[in-house]
Every structure is written in structure tokens, then in C-alpha cells.
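Student: test case, fold it:
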Amino acid sequence: MVNIKLLDSSGIALLANLQKKLKSEEGQFFLLNVSQDVMVILKLSSLDKFFTILGGESELP
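Tutor: I've put the predicted structure just below:
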């Protein structure tokens, strides 16, 4: 997600729905390499606590 500079409500809803679907099927969902711009949006909306945000693939469990 490092190249994504803007995340609107539609994008947030899409990510949230993907996470919910994967969780219901015992899957995992991670946001990787989140840009500073998107991180600000996630923090302001407290969604940084809703999503699991990792710095890169090397941090995957």
C-alpha cells in the first residue's frame, strides 16, 4: 500500500468487508507497507486499531 496516497470511505469499507469475510472464514487480513498519508487517515478514524498493520512481508506471522 506504499503507493496509495488517498483512502476514501469506499476504500475503507472495501478493506473492512474483506477483513470481516476472511475473519469469518478463519483467515487473516493484513495491511502492508501503508503510506504515511493513509496511516494518518487510519489513525484519525481510529481504524489503526481495527486493522493489523505491518511494515512489510517480513513481519507476516
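
Student: and the residue of the chain positioned farthest from its centre, how close does it get to residue 57?
Tutor: When distances are taken from the C-alpha mean of the chain, residue 25 lies farthest, 18.0 Å away, according to CA atoms, centre = their mean. Remark: distance between residue 25 and residue 57 (CB to CB, to the nearest Å) = 22 Å. The way it works is simple: take the backbone N, C-alpha and C, and place the C-beta from them, glycine included.

Student: same check, this time on residue 13
Tutor: Looking at residue 13 against residue 57, where the rule is CB to CB, the gap reads 25 Å.

Student: again with residue 49
Tutor: Distance from residue 49 to residue 57, by CB to CB: 22 Å.

Student: same question for residue 32.
Tutor: To residue 57, residue 32 is 6 Å away according to CB to CB.

Student: over to residue 51?
Tutor: 16 Å.

Student: show me the contacts for the residue positioned nearest the centre of the chain.
Tutor: Nearest residue to the geometric centre of the chain (CA atoms, centre = their mean): residue 31, 3.9 Å. Residue 31 makes contacts with 1, 15, 51, 52, 53, 54, as judged by CB atoms under 8 Å, 6 or more residues apart in numbering.

Student: residues contacting the fifth one?
Tutor: In this case it means residue 53. Counted by CB under 8 Å, 6+ apart, residue 53 has contacts 30, 31, 34, 39, 42.
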